[in-house]
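**Student:** could you work out the structure for the sequence below:
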Amino acid sequence: MASPGEVGNTCAWAPLASLEMTQEPRQARQRRRLTATVTDLEVGRQRALLVGVVTKRDTVSAGEASLLELARLTDTAGSDPVHEVLVRRDAPTAALYVGTGKAGEIAADVAAMDIDVVVFDNELSPAQQRNLNERFHVDVVDRTALILDIFAQHATSKEGMLQVELAQHRYRLPRLRGKGTQLSRLGGGIGTRGPGETQLETDRRRILDRVRKIEGELKDLAGSRQTRSKARRRQGLPLVAIVGYTNAGKSTLFNQLTAADVLVEDQLFATLDSTIRKLELPGGVAALASDTVGFVRRLPHQLVESFRATLEEVKDADLLIHVVDAAEEDPDSQAEAVRAVLGEIGAGDLPELMVFNKADIAAPAALTRQAQLRPDSVALSAATGEGVENLLEAILVELSKGSVEVEMLIPYSDGGVVDRVYRLGEVTKRSDEAAGTRIVARIPAAEVPRFQGFMEI
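**Tutor:** Next up, the predicted model:
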């Protein structure tokens with residue numbers, strides 16, 4: 001029975017309910033730990049029980065949607081969600097988060113269903129996590145640890161792996177547990193003899209040393225990225241950053257627009273490392289397109305901080321292409337989650353073009369509603385290519401809003417300037433005269449000074 005002030009709602013995870021009687025005992029299975037520090041890829045999937053808590057500020061429908069997303073995250077991390085529990089409380093408890101009564105019910109479910117790991121949709125304090133671990137006798141992880149685990153599996157570049165490791169250490173540091181008065185290092189000279197360091201102090205010091213080293217390496221990599229960014233800026237090409245909720249189809253769209261071969265998988269956070277490619281717009285106008293890491297509701301603060309240097313590339317964009325999964329039941333909440341992260345990194349005020357992807361499988365009524373709410377948006381299917389041409393036209397229009405019309409007379413000896421004008425802007429009129437090539441074009445306002453010597457006053 002639930003304790004006073006607590007209402008529980010428990011149900012089996014339907015797609016996997018039929019597997020309940022066919023699973024081998026836990027001790028006979030190969031197990032893979034689901035923690036924030038996983039580095040191995042052992043074969044075998046854990047059986048996971050998901051727990052969500054809805055407080056007075058939330059609605060049950062929002063809690064159910066969040067649990068559904070947690071199930072997808074758990075599956076991506078390599079575990080099977082076989083049961084879920086949704087708890088409604090006025091406020092979480094300090095010791096067990098869900099209260100003593102509900103914790104007892106969950107412990108009974110864990111034993112009866114042979115559960116390997118309990119995943120909380122909420123962030124747990126170190127004390128709560130420790131208490132629940134002792135109560136359930138299985139691993140207990142929260143949403144933050146789960147997402148960190150997924151990032152650890154998917155990071156491939158040196159910078160990405162360092163960023164994930166930094167986030168993991170920041171998560172682990174307050175969760176270190178001491179071992180009483182166990183000693184790990186004794187003094188070796190006059191004035192150093194004594195009790196020495198406890199294992200806890202040693203572990204904390206080692207983690208802090210590693211954090212400082214990683215921060216230094218990331219600072220060096222950030223400097224190299226800034227140098228590359230300046231080199232791209234010298235080309236004068238506008239930058240278009242593709243952002244959106246994870247698994248909304250950003251990488252598929254990026255491949256459609258740039259003929260790139262970025263990894264595309266039907267799972268959350270398949271892409272972590274940003275990629276930049278040249279983008280050809282109508283009329284021969286060139287731009288640069290950047291694919292970025294996907295966002296999610298309540299993206300862990302440790303990850304935002306660790307990936308800040310990478311995400312700050314978004315701040316340099318002239319236009320954000322905000323990709324939304326039109327086939328989702330609640331695309332508006334996903335869009336708000338993306339805007340929240342953009343605001344956190346200082347990119348919330350950049351020009352934005354909404355793109356509703358997966359139009360080939362989305363409900364027509366949903367597409368009609370979004371078109372009415374956002375008449376400047378574009379509906380398309382990145383998988384089939386339908387609507388991509390409309391997006392290219394819309395990108396050109398949006399970029400032109402920050403441009404000015406100029407008229408230039410360029411001597412034939414400066415033919416490279418003509419090519420630069422075509423790359424940077426949209427040429428609306430051209431004629432060949434005795435003194436050179438006369439061009440009327442729209443170019444970015446920031447590039448006007450570069451052509452000042454060819455303009456007629």
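
**Student:** quick one, strands of the stretch 51-200 of the chain?
**Tutor:** 79-89, 117-120, 139-141, 183-185, 197-198 (DSSP state E, counting those that start in this stretch).

**Student:** what's the least confident stretch among those strands?
**Tutor:** Looking over the strands of the stretch 51-200 of the chain, mean pLDDT reaches its minimum on strand 183-185, with a mean of 44.

**Student:** what comes up buried for the longest helix that the chain contains?
**Tutor:** The longest helix of the chain (DSSP state H) is helix 199-234. Burial within helix 199-234, assessed by neighbour count using 16 or more other Cβ atoms under 10 Å, is assigned to 199, 203-204, 207, 214, 218, 221, 225. Just so you know, the C-beta spots here come from the backbone N, C-alpha and C atoms, and that holds for glycine as well.

**Student:** so this structure: which segments form each domain?
**Tutor:** 6-150, 156-186+193-236, 237-400, 403-454 (automatic domain parsing).

**Student:** mind checking how far residue 199 is from residue 210?
**Tutor:** Distance of residue 199 to residue 210, given as Cβ to Cβ, to the nearest Å: 16 Å.

**Student:** test my guess that residue 374 contacts residue 352.
**Tutor:** No: assessed by Cβ atoms under 8 Å, residue 374 is found out of contact with residue 352, at 10.1 Å.

**Student:** compare these two and say which is more crowded by neighbours.
**Tutor:** Legend: neighbour count by other Cβ atoms under 10 Å for residue 374 and residue 352, higher for residue 352 (21 against 15).

**Student:** now do the same contact list for the more buried one.
**Tutor:** If you count contacts by Cβ atoms under 8 Å, 6 or more residues apart in numbering, residue 352 has them with 319-320, 322.

**Student:** swap in residue 399?
**Tutor:** Residue 399 neighbours (Cβ under 8 Å, 6+ apart): 238, 240, 281, 285, 287, 318-319, 444.

**Student:** is it within a helix or a strand, and which one?
**Tutor:** helix 388-400 (DSSP states H and E).

**Student:** list the buried residues of that helix.
**Tutor:** By neighbour count with 16+ other Cβ under 10 Å, helix 388-400 contains the buried residues 388, 391-392, 394-396, 398-400.

**Student:** as a markdown table, the residues you listed with pLDDT and distance to residue 307 would be great.
**Tutor:** Converted to a markdown table, the buried residues of helix 388-400 look like this (pLDDT from 0 to 100; distance: Cβ to Cβ, whole Å):
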| residue | pLDDT | distance to residue 307 |
| --- | --- | --- |
| 388 | 94 | 28 |
| 391 | 95 | 26 |
| 392 | 94 | 29 |
| 394 | 94 | 28 |
| 395 | 93 | 25 |
| 396 | 89 | 30 |
| 398 | 89 | 26 |
| 399 | 85 | 27 |
| 400 | 79 | 32 |
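
**Student:** can you say which two of those are spatially most distant?
**Tutor:** Farthest-apart pair in the buried residues of helix 388-400 is 388 and 400; separation 18.9 Å (Cβ to Cβ).
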